[in-house]
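Visitor: structure for the following, please:
(2 chains)
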Amino acid sequence: MTRFFAATSVLTLGIASAAVAADAPSKADVLTTYANIAEAKYDDSLIAAKALQEAVNALIAEPSDATLNAARAAWVAARVPYQQTEVYRFGNAIVDDWEGKVNAWPLDEGLIDYVDAAYGGPSDENEFAALNVIANPSFELSGATIDASEITPELLAETLHEADGIEANVATGYHAIEFLLWGQDMNGHGAGAGNRPFTDYAQGDDCTGGNCDRRAQYLSAATELLVSDLEWMAAQWAEGGEARAALSADETAGVSAILTGMGSLSYGEQAGERMRLGLMLNDPEEEHDCFSDNTHNSHYYDGLGIQNVYLGSYTRIDGTPVSGASLSDLVIASDPSLDAEMKVKLANTMQALGRLKSTAEAGFAYDQMLERGNEGGELLIMGGVDGLVDQTKTIERIVTTLGLDQISFEGSDSLDNPDAVFQ
Amino acid sequence: MRFLAFALALTLPFPALAQDRGPILTATVDEHILPGFAALSNASGALAQAAQSDCTATSPDLRAAYHAAFDGWISVSHLRFGPSETGDRAFALAFWPDTKGFTPKALSGLITAEDDAIKTPQAFAETSIAGRGFFALEQMLYDTRFADQGSNTYRCDLIRAIATDIDLNTRAMDEDWANFANALTQPGENSPYRSGNEAMQELYKALVTGLEFTGDTRLGRPMGNFDRPRPNRAEARRSERSLRHVELSLIALRDLAAHLSADHPEIAADLDGAFDKAITRAQALDDPALAGVADPQGRFRIEALQQSINDIRAIASTELGPTLGISAGFNSLDGD
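Guide: Presented below is the predicted three-dimensional model:
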């Protein structure tokens, strides 16, 4: 009898949860919101990159403190929507295959332009760490002579970027542009960002740093590439785009992709690689936006992107709201207390990252926080790290609760096609 | 009866209905984790003493103690949670891969400035992790660029400071494990693990992350690609420990896998066979620093070793994980 009753009870329970599930949004609706938010974020990133391009054109046409500062301000503004897209990495192959072109970091900036003597020359890891393509119209790469007499988007994207297979050879994207606008930050753990003079873009006798015409060419080419790369990605998320299609091909895998992006960005990437590592190394250049000292914002908007994807609600840079059925709604339907836990943890992280941001904006720069023995800085950064690590645990619980456990977290031959391994 | 059965059904997570994690958690802690950290702590104590007796970089006793303690670390280096994560201890013991050359930079910085931080363990513990731990010690003992940099006295004191720091760090891990063992074996409200499943997930994660690190990083980094092998990226190549790390980590992971699969003899046998093949391949290689990645013959054999590690990973993720009802979740290698 016991056995029979137990079976009945399990059955009853199954029916009960099916009834609850009826109130849940469909996975398709959740994925539509997720894709709509991606489209809005990449479109905002594109709009902001075009504004950056205009400001860069003005700087090149008429170099001055005013035009340089305007270009820097446009770069900082462009980071706001872009960083919020980073949560689309790790779960979407199309984003991962592309991302290195626009936001690769860290970089050996000596590849691009002049650097201070203390930077050193070629390293064990990278022969081209100090190539300085702006000063060298011709150089050897893997046995071939490269004609760099004209610095074009093609040269940067196809030859220079990741030259010699080294990831630190970052020739394109936000951080290459950042270096060209700010230059190296020579203040160590002291206050202040990079201080490249506008005269680095002055033509003729006023030129500082040498090769101002080539530097302007480089900046213009890198900005043009950023715009075209973002244009491409925004199109992939538009109606009928490839990224959208990939998501809807398998709805369960699609929901898993949302959580994979949230968890991988929170833990391995942001908490680990970007925040905790820099703190443990006490290195002032081991910060995400090391030339501009904008790291606090990069961290903050990464965190915000994770939160708004979970809540299914994003506010565009012109104030337009984009929202719909969310992952949060889906979790509420199976375990409301787990959803509450997730919301609290995401809010805790945003509070910690907000504290980091407001303190940096008040004048305590991120590279000062990284200094050896700086307890206040360590507390601020570790507050963000702890929040991100803690929210990852709840993301894992959601994966289990939604029954997504056995979906591979990263594309792997052995998982996608086990036979290939056993052959 | 009906009420009882219903209540029972409610409390059990459905996929893991019948899996009691207790015995496996306890056995793994008692037989795999605690002895590993005790051995590491003992070997590190001997290392600190050896450095006090003779801090000469070429001292055979010091080098032997370095190898023994490093062996101890590699054998527990897959257990990156709890006491290893507290206070950045694991990072401070072994900062690798060092893609931007932070370790030589940190050591040169200390030596050039004759930094006073080496005078007390507390101050040294505040310095960059890149200048601490086994990889910093390796460069001080084996890299010619540090053989005559700065004064003899400072180099000697620095070597002693690094060895003492390793000793204190590993002792703290060992001591903390006495308490953390309960967190793993008695999950619930007073533990970071809410359930036996979460504790089990931590151990399963350690297995798959350990395999991933050994296959993709320890072997994959020096392998680079066929046209551009990167022998200089081999782990601890200066003291010719690269292959040894692969072998030691596989031996430790085999033991962990045996514990996790204890209730499923067929999977246990599959895993054990796959580990046996990989370890045999590693032991048959006569290439301590993995320099062979740069010549076709040597490379072929290292690729075969890597493939045998991928085979173990496939069994873990397609057989062990699903059978246990556990996924690997997120790990520190998830970033880029």
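Visitor: now for the spatially most central residue of chain B: which residues touch it?
Guide: Centroid-nearest residue in chain B, with Cα atoms, centre = their mean: residue B:77, separated by 1.5 Å. Applying Cβ atoms under 8 Å, 6 or more residues apart in numbering or on different chains, we find residue B:77 in contact with B:90, B:94, B:210, B:249. Just so you know, the C-beta spots here come from the backbone N, C-alpha and C atoms, and that holds for glycine as well.
Visitor: in the longest helix seen in chain A, what's buried?
Guide: Looking across chain A with DSSP state H, the single longest helix is helix A:27-61. Within helix A:27-61, the residues that count as buried by 16 or more other Cβ atoms under 10 Å in any protein chain shown are A:27, A:29-53, A:55-60.
Visitor: could you do stretch B:230-238 as well?
Guide: Under the neighbour-count criterion of 16+ other Cβ under 10 Å, stretch B:230-238 has B:230-231, B:233-237 buried.
Visitor: what residues does the stretch 201-336 of chain B put near chain A?
Guide: Residues of the stretch 201-336 of chain B lying near chain A by Cβ under 8 Å from any Cβ of the partner chain: B:201, B:224-225, B:228, B:232-233, B:310-311, B:313-314, B:317-318, B:321-322, B:325-336.
Visitor: can you rerun that using 6 Å?
Guide: B:228, B:232, B:310-311, B:313-314, B:317-318, B:322, B:327, B:329-330, B:332, B:334-335 (Cβ under 6 Å from any Cβ of the partner chain).
Visitor: now the spatially most central residue of chain A: closest residue in space that isn't a chain neighbour?
Guide: Nearest to the mean C-alpha position of chain A, by Cα atoms, centre = their mean, lies residue A:86 at 4.1 Å. Leaving aside its sequence neighbours, residue A:86 sits nearest to residue A:302 (Cβ to Cβ, 6 or more residues apart in numbering or on different chains; 5.2 Å).
Visitor: what's the answer for residue A:65, then?
Guide: Closest residue to residue A:65 apart from its sequence neighbours, by Cβ to Cβ, 6+ apart: residue A:198 at 5.5 Å.
Visitor: low-confidence ranges in the chain?
Guide: You didn't pick a chain, so chain A it is. Flagging of chain A using pLDDT under 70 yields the residue ranges A:1-22, A:406-423.
Visitor: right idea, wrong chain: chain B
Guide: For chain B, the stretches with pLDDT under 70 are B:1-18, B:335-336.
Visitor: torsion angles phi and psi at residue B:235?
Guide: Per-residue torsions, residue B:235: phi -70, psi 130 (degrees, to the nearest 10).
Visitor: enumerate every residue touching it.
Guide: Taking Cβ atoms under 6 Å, 6 or more residues apart in numbering or on different chains, we find residue B:235 in contact with B:96, B:218, B:242, B:245.
Visitor: any idea how far the second one is from chain A?
Guide: According to Cβ to the nearest Cβ, to the nearest Å, residue B:218 stands 17 Å off from chain A.
Visitor: quick check: domain ranges of chain B?
Guide: Here the domain assignment for chain B is B:20-178, B:196-330, based on automatic domain parsing.
Visitor: in CSV, list those along with distance to residue A:77.
Guide: Formatted as CSV, the domains of chain B follow (distance: least, Cβ to Cβ, whole Å):
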stretch, distance to residue A:77
domain B:20-178, 29
domain B:196-330, 31
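Visitor: which one of the buried residues of stretch B:230-238 is nearest chain A?
Guide: Distance to chain A, by Cβ to the nearest Cβ, is smallest for residue B:233 among the buried residues of stretch B:230-238, at 7.5 Å.
Visitor: what sits against that closest one?
Guide: Residue B:233 touches B:221-222, counting by Cβ under 6 Å, 6+ apart.
Visitor: whichever strand or helix holds residue A:380 near chain B at all?
Guide: Using DSSP states H and E, residue A:380 sits within helix A:375-401. Yes - for helix A:375-401, a contact with chain B is found by Cβ under 6 Å from any Cβ, at A:392, A:396.
Visitor: hang on, the earlier thing: need the contact partners of the helix or strand where the residue nearest to residue A:86 lies.
Guide: In this assignment (DSSP H and E), residue A:302 forms part of helix A:295-311. The contact list for helix A:295-311, computed with Cβ under 6 Å, 6+ apart, reads A:80, A:83-84, A:86-87, A:262, A:270, A:287-289, A:314, A:326-328, A:346, A:349-350, A:353, A:356-357, A:360, A:366.
Visitor: before we move on, what about stretch B:171-180?
Guide: Outside stretch B:171-180, the residues touching it (Cβ under 6 Å, 6+ apart) are B:37-38, B:41, B:82-83, B:89.
Visitor: out of those, which sit inside helices?
Guide: Judged by DSSP H, the contacts of stretch B:171-180 include B:37-38, B:41, B:89 as members of helices.
Visitor: please enumerate the helices of the stretch 51-200 of chain A.
Guide: Secondary structure of the stretch 51-200 of chain A (DSSP state H, counting those that start in this stretch): helices at A:65-85, A:93-103, A:153-154, A:174-182.
Visitor: output the first one as PDB, nothing but the C-alphas.
Guide: In this case it means helix A:65-85. Extracted C-alpha coordinates of helix A:65-85, given in PDB (Å, rounded to 0.1, in the frame of the first residue of the first chain):
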ATOM      1  CA  ASP A  65      42.100  70.200 -26.100                       C
ATOM      2  CA  ALA A  66      38.400  70.700 -26.700                       C
ATOM      3  CA  THR A  67      38.100  68.200 -29.600                       C
ATOM      4  CA  LEU A  68      40.300  65.700 -27.800                       C
ATOM      5  CA  ASN A  69      38.200  65.900 -24.600                       C
ATOM      6  CA  ALA A  70      35.000  65.700 -26.700                       C
ATOM      7  CA  ALA A  71      36.300  62.400 -28.300                       C
ATOM      8  CA  ARG A  72      37.200  61.100 -24.800                       C
ATOM      9  CA  ALA A  73      33.700  61.900 -23.500                       C
ATOM     10  CA  ALA A  74      32.200  60.200 -26.500                       C
ATOM     11  CA  TRP A  75      34.300  57.100 -25.800                       C
ATOM     12  CA  VAL A  76      33.200  56.900 -22.200                       C
ATOM     13  CA  ALA A  77      29.500  57.300 -23.300                       C
ATOM     14  CA  ALA A  78      29.900  54.600 -25.900                       C
ATOM     15  CA  ARG A  79      31.000  52.100 -23.100                       C
ATOM     16  CA  VAL A  80      27.700  52.500 -21.300                       C
ATOM     17  CA  PRO A  81      25.600  50.400 -23.700                       C
ATOM     18  CA  TYR A  82      28.400  48.200 -24.900                       C
ATOM     19  CA  GLN A  83      29.400  46.900 -21.400                       C
ATOM     20  CA  GLN A  84      25.700  45.900 -20.900                       C
ATOM     21  CA  THR A  85      26.000  43.600 -23.900                       C
END
